[in-house]
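Enquirer: Output the structure for:
(4 chains)
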Protein chains: 4
Amino acid sequence: MALDNNARGVYVVASTPFHADGRVDEKSLDRMVSSFIEFGVAGITVLGQMGEAPKLDYAEALSVASRVIQRATVPVIVGVSAPGFAAMRALTSAVMAGGAAGVMIAPPSSLKTDDQIVTYYNDVAQAIGNDVPFVIQDYPLTFNVTMTPTVIRRIVESNPSCVMLKHEDWPGLEKITTLRGFEDDGSMRHISILCGNSGLFLDFETERGIDGAMTGYCFPDMLVEMVRLGMAGSRDAAHDLFDLRLPLIRYEQQPGLGLAVRKYVLKRRGILASDTQRKPAATLSSQAKEEIDYLLSRIARFDERALLTRALTSTSQESD
Amino acid sequence: MALDNNARGVYVVASTPFHADGRVDEKSLDRMVSSFIEFGVAGITVLGQMGEAPKLDYAEALSVASRVIQRATVPVIVGVSAPGFAAMRALTSAVMAGGAAGVMIAPPSSLKTDDQIVTYYNDVAQAIGNDVPFVIQDYPLTFNVTMTPTVIRRIVESNPSCVMLKHEDWPGLEKITTLRGFEDDGSMRHISILCGNSGLFLDFETERGIDGAMTGYCFPDMLVEMVRLGMAGSRDAAHDLFDLRLPLIRYEQQPGLGLAVRKYVLKRRGILASDTQRKPAATLSSQAKEEIDYLLSRIARFDERALLTRALTSTSQESD
Amino acid sequence: MALDNNARGVYVVASTPFHADGRVDEKSLDRMVSSFIEFGVAGITVLGQMGEAPKLDYAEALSVASRVIQRATVPVIVGVSAPGFAAMRALTSAVMAGGAAGVMIAPPSSLKTDDQIVTYYNDVAQAIGNDVPFVIQDYPLTFNVTMTPTVIRRIVESNPSCVMLKHEDWPGLEKITTLRGFEDDGSMRHISILCGNSGLFLDFETERGIDGAMTGYCFPDMLVEMVRLGMAGSRDAAHDLFDLRLPLIRYEQQPGLGLAVRKYVLKRRGILASDTQRKPAATLSSQAKEEIDYLLSRIARFDERALLTRALTSTSQESD
Amino acid sequence: MALDNNARGVYVVASTPFHADGRVDEKSLDRMVSSFIEFGVAGITVLGQMGEAPKLDYAEALSVASRVIQRATVPVIVGVSAPGFAAMRALTSAVMAGGAAGVMIAPPSSLKTDDQIVTYYNDVAQAIGNDVPFVIQDYPLTFNVTMTPTVIRRIVESNPSCVMLKHEDWPGLEKITTLRGFEDDGSMRHISILCGNSGLFLDFETERGIDGAMTGYCFPDMLVEMVRLGMAGSRDAAHDLFDLRLPLIRYEQQPGLGLAVRKYVLKRRGILASDTQRKPAATLSSQAKEEIDYLLSRIARFDERALLTRALTSTSQESD
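Expert: A predicted model of the protein is given here:
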């Protein structure tokens, strides 16, 4: 099930569940994978930023990835970013042998110039093997590396094994349009573009031409629904749905705090047994938990009300 | 009308209007000030980041500030951040003589350690004069300077002329709670805290104990309403209102693009004659403009629908 | 005396002398300019980083620049870097009218990508006027902007008024060779390249093809001698001389401390009446002053001894 | 042979030798260790920045460290910096079991505030075990984390297992004096301070009170001599020796290029069979190699001449 440039839909970014004492919680991991599949995700990404990958040692990382790959009936992408190519190659080789669909690689913050970024990904492709499908993670807010559309095109054109962009530049709407323009004018081959950033701009990103989302938002089922509706082109309905979820999406997108929110909700939903993170970790105050609970109660209420409102106003709305 | 630590409400951050050829548009400036006053703002901040202050020469900056001060019937805070103290002192001295209520100062990105930040603000207070009320602008995303609550307390305790915090840390909710806790336990005197960040977390910030908002969101009238409702403690109603505005708030908060969105809307609202920015400036594509128009149309529609929905559901909602 | 791309020799970066109470010390300024001319410098740069430019208000900056221009019999370059184009244009216009040879502009640290850097300098050239000769200041350690040789070529090729590079990249030797290679292969027109970084690599930079130095090293007379010898091609003699000065050059090149060292030595040499800096400023401890005194005593001693040593060993040395 | 706070002398930072095809070259590794011991080093540091640690996978890293520990007759410090604590703990545990004297840990660049830095090292100490002696690596130029003396004191006071500071702040002379002052006034217990930065300020650092050097300068034998002389207090002789080495020290200290210089010289000296680095790596141009060769020839020549000069001038010199 190799990843290719036609991937579409929601690739949910998986958390790594821990017991309260910090050991990997395999039972929760299995339940999480099952839930994701039920939710209708198109793929799963493990060992990403939100998977606390740097907090796992090599054996643990490999074990988590392998377990997810074995249980998932959808393609699994493995984050293999590492400070050096040897570790990156070792993990890539192991997970690809174990059935991963492809790998995802973030740029190190030491990269400054356009050429340095392109050279880095060229070296990456060679290091992991030119036959391994890989995903560029473009997330300047966290990685402090800014990739222009031209830089991405150079990477794509030099490396046939580059099949996907995880797009989380900010602002990023024009970037999608520019990249799709490159495809239209024939200057870049088609790649899959999935959006991250917790989905904060998903309403317009679908309109700009993405293929789906890759993020760890705590309601992957809602992501699936939003992406489906957004890509179906029913604009008002898609935005209506998105707007109801936005307050929580926004809350979850707080840098450094997002994972705590995510695990807290996944626990409340019965998917994780514990919301434990390994150190270093931001924790939620009781007030923050109450705020999340409140947002959840509003989603529940709005979901009901939305039915009523839509019934009352759908005619005028769609004819706008 | 000197600024003090009891300031409350919305201090709107004013744009600087330009003619299409780049000259300052004084007529639009006057109209903008009048509109803000009508909207019920408690104060106006000029020459902030969003006021394109660095793109004005000294004479222009002073002229814009003076004009706003003369026309405004509310306190005016002037952004005087500068690469050095001489220019900061010169502008401060001129605007305070002209009737400004206080000044706002952002930290230079060269500051790295806690002590460096505290020393900087101590030096600032001395440079501009210890009798000039000043506002700390705490905006790590843009300035790349991270101030802990303890650092803010040290600045406040050393400098009686520090009366306000423009809070736009991210995540920032716990910071508000911690600072208010310092006041409660007597370890820090009370200061006014107004929130920025386009109001992206205004719904919870009001609950955490802020005194209002200081941001340039293109609907200051809505800000006034949201802050009023939020601080009145009617939780559901405040969130209902906030949620309807959030999609646009979120759109406007895109780094580097926010001002373009803001000026575009202010022009559409008839407040600015032109949405011209001086260089360097990000511009809106036609697609971006269409997206904003769409968001505006949804706000209009939702405002109507909100009336209906509230009528239908208010009982169950408030008794929740 | 307009600056052009054939500028050669030492352009000394002038400090701004202050009285102990912080006022500009015009008498010292005059004496400094006279000394520089006596030392044989080819030009003078004012209002650079080391000229404490950001600590001067506009009137002071203009006054200092004008005074130096009036007294100097060599071309004067004025640093006009500013957070925005309006202030940059205003100062440029004033100093060019007053007889400056050209201006120098550093990139703002917000620039991330190749295109952003090129666009910035294109906008600069338009903002200050395409007839004003300008110098690119390439100093990544301080400005956090990395310009590849290709980026510099793009700026040079787009802007005929770009006549000089102040080169202080680090490491930077290959960059000189690459840029000179661009000139050799016809892909870039010739520009003057003067080296900064306190001269820390001046020994090899002259061999790599620079046209001189632009730095504020506290012995501009030695710089003149080193550049002359280095460009004359007498390798051993040039390195002998350089090596004797290197311990002090190295000491002076400490980030944030360099100006204090420089002013201390200029005061000891009787050129400045006071080594006062305006705030914010690093100061020298008594131990640091003693270390500088010691380095100065060694230079004095070595200068004598060098005569003896050269007499004794020059034959074997040059035939090496 | 556990590391403690009385460590003194030169702890040489070892390169990791590779064959031309990229495999670890164990024969060169053994020869390098033997050479270091012969040179009189007091200890060896492996898997540091200059040891290309991030380019080794876990098995390789452990194998290199173990091999050095087994062959060395001096304490071996192992760099265990990692993006997360799990990998750090795993490597620490393995090398300490294998006989390492202690470990060295650099701060991640994500740390911004004083508290974040202190918390990080507290967490580190707990993660690796409070009985494992550790070294703080304080290198702001590379890691972009600035630790004040007060922060270092807080770490030292909270963690009895912190026994050493690798000091490569820049400027850093006052920091040494401040830290030693903390020891003198009883506010901080004594720790060993070894200096890095290629030794660029070693002449004065020994005078300020360090205990030695920890750097990978390509002539560890010279480092040993310089540190011995510097700590013996024979000021002129120490500086004479230092000054002769400074041109090469300076050349080797170029960021990103240093390792290439170092390996090139170690190969020329017959210690390494190849100067191969793993990717990503900066390489030396032929011109750079010629420059290094020239610096080496000057060192050789000066070493001879120094004997002559000293004989001729030593009387006047020491009586200065």
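Enquirer: And the strands in chain A, which stretches?
Expert: A:9-13, A:43-46, A:76-79, A:102-105, A:134-138, A:162-167, A:192-195, A:212-215 (DSSP state E).
Enquirer: what does stretch A:283-295 rub up against?
Expert: With contact meaning Cβ atoms under 8 Å, 6 or more residues apart in numbering or on different chains, stretch A:283-295 is reached by A:247-248, A:251, A:257, A:260-261, A:264-265, A:268, A:277, B:173-174, B:177, B:204, B:207-208, B:235, B:239. All C-beta spots, glycine's among them, are computed from the backbone N, C-alpha and C.
Enquirer: actually stretch A:148-156, not the one I wrote
Expert: Stretch A:148-156 has contacts (Cβ under 8 Å, 6+ apart) with A:114, A:117-118, A:121-122, A:136, A:138, A:162, A:165, A:175, A:178-179, A:182, A:187-189, A:191, C:113-115.
Enquirer: make it 6 Å
Expert: Residues outside stretch A:148-156 that contact it (Cβ atoms under 6 Å, 6 or more residues apart in numbering or on different chains) are A:114, A:117, A:118, A:121, A:162, A:175, A:178, A:179, A:182, A:188, A:191, C:113.
Enquirer: Contacts only, for the last one.
Expert: By Cβ under 6 Å, 6+ apart, the contact list for residue C:113 reads A:146, A:148.
Enquirer: just the fourth one next, same as before
Expert: By Cβ under 6 Å, 6+ apart, the contact list for residue A:121 reads residue A:155.
Enquirer: And the pLDDT for it?
Expert: Looking at residue A:121, its pLDDT is 98.
Enquirer: can you check the fifth one too?
Expert: pLDDT, residue A:162: 98.
Enquirer: Next, find the distance separating it from chain B.
Expert: According to Cβ to the nearest Cβ, to the nearest Å, residue A:162 and chain B sit 26 Å apart.
Enquirer: beta partners for that residue?
Expert: Listed by DSSP bridges, the beta-bridge partners for residue A:162 are residue A:134.
Enquirer: what about the closest residue to residue A:281 other than its chain neighbours, how many neighbours?
Expert: Closest residue to residue A:281 apart from its sequence neighbours, by Cβ to Cβ, 6 or more residues apart in numbering or on different chains: residue A:260 at 7.0 Å. Neighbour count for residue A:260, taken as other Cβ atoms under 10 Å in any protein chain shown: 21.
Enquirer: One more: residue A:265?
Expert: Neighbours of residue A:265 under the rule other Cβ under 10 Å: 22.
Enquirer: what does residue A:69 give?
Expert: As a burial measure, residue A:69 scores 21 neighbours (other Cβ under 10 Å).
Enquirer: Repeat that for residue A:78.
Expert: Here the number of neighbours of residue A:78 (other Cβ under 10 Å) works out to 30.
Enquirer: about what we covered before: distance of the residue nearest to residue A:281 relative to chain C?
Expert: Computed as Cβ to the nearest Cβ, the residue A:260 to chain C distance reads 30 Å.
Enquirer: In helices, which of the contacts of stretch A:148-156 fall?
Expert: Using DSSP state H, the members of the contacts of stretch A:148-156 that fall within helices are A:114, A:117, A:118, A:121, A:175, A:178, A:179, A:182.
Enquirer: Buried only: go through the residues you listed for me.
Expert: By neighbour count, with 16 or more other Cβ atoms under 10 Å in any protein chain shown, the ones in helices among the contacts of stretch A:148-156 hold A:114, A:117, A:118, A:121, A:175, A:178, A:179, A:182 as buried.
Enquirer: mind listing the helices for chain A?
Expert: Along chain A, the segments classed as helices by DSSP H run A:26-39, A:58-71, A:85-97, A:114-128, A:140-143, A:149-158, A:173-184, A:202-208, A:220-232, A:235-252, A:258-268, A:286-318.
Enquirer: and those helices, which is most packed in?
Expert: Stretch with highest mean neighbour count among the helices of chain A: helix A:202-208 (a mean of 24; mean count of other Cβ atoms under 10 Å in any protein chain shown).
Enquirer: From the contact counts, what lies against it?
Expert: In terms of contacts (3 or more Cβ pairs under 6 Å, 6 or more residues apart in numbering or on different chains; DSSP states H and E), helix A:202-208 is packed against helix A:173-184, helix A:220-232.
Enquirer: if you average pLDDT over the first one, what comes out?
Expert: When pLDDT is averaged over helix A:173-184, the result is 98.
Enquirer: Would you tell me which residues of chain A are close to chain C?
Expert: Where chain A comes near chain C, counting by Cβ under 6 Å from any Cβ of the partner chain, the residues are A:112, A:113, A:114, A:115, A:146, A:148.
Enquirer: residues touching the fifth one, list them.
Expert: Right, the one you point to is residue A:146. By Cβ under 6 Å, 6+ apart, the contact set of residue A:146 is A:140, C:112, C:113.
Enquirer: which outside residues touch stretch A:64-84?
Expert: For stretch A:64-84, contacts defined as Cβ under 6 Å, 6+ apart pick out A:1, A:3, A:16, A:29-30, A:33, A:37, A:43-48, A:53, A:88, A:91-92, A:95, A:98-106, D:54-55.
Enquirer: and the end-to-end length of that stretch?
Expert: End-to-end distance for stretch A:64-84: 21 Å, by Cα to Cα, to the nearest Å.
Enquirer: Give me the spatial nearest neighbour of residue A:28, chain neighbours excluded.
Expert: With Cβ to Cβ, 6+ apart, the residue lying closest to residue A:28 is residue A:17, at 3.6 Å.
Enquirer: Run a quick check on that neighbour versus residue A:27, I expect a contact.
Expert: No. Between residue A:17 and residue A:27 there is no contact under Cβ atoms under 6 Å: 8.2 Å.
Enquirer: So what's the model's average confidence on stretch A:231-239?
Expert: Computed over stretch A:231-239, the mean pLDDT rounds to 91.
Enquirer: With stretch A:248-255 instead?
Expert: For stretch A:248-255, the mean per-residue pLDDT is 95.
Enquirer: Tell me how far it lies from the chain's centre.
Expert: Its chain's C-alpha centre and that of stretch A:248-255 lie 14 Å apart, by Cα atoms, centre = their mean, to the nearest Å.
Enquirer: export it as CSV, just CAs?
Expert: Presented in CSV, the C-alpha positions along stretch A:248-255 are these (Å, rounded to 0.1, in the frame of the first residue of the first chain):
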residue,chain,number,x,y,z
LEU,A,248,-12.5,24.0,19.5
ILE,A,249,-10.2,23.8,16.5
ARG,A,250,-8.9,27.2,17.5
TYR,A,251,-8.5,26.2,21.1
GLU,A,252,-6.6,23.1,20.1
GLN,A,253,-4.3,24.9,17.9
GLN,A,254,-2.5,26.7,20.7
PRO,A,255,1.2,26.0,20.3
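Enquirer: Contact residues of the stretch 151-300 of chain A facing chain B?
Expert: A:171, A:174, A:204, A:243, A:246, A:247, A:254, A:257, A:285, A:291.
Enquirer: Quick check: the farthest pair among the residues you listed?
Expert: The largest separation in these, counting by Cβ to Cβ, is between A:174 and A:285 at 37.2 Å.
Enquirer: about what we covered before: format the helices and strands packed on helix A:202-208 as JSON lines; extra columns: distance to residue D:73.
Expert: Output for those, formatted as JSON lines (distance: least, Cβ to Cβ, whole Å):
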{"stretch": "helix A:173-184", "distance to residue D:73": "58"}
{"stretch": "helix A:220-232", "distance to residue D:73": "58"}
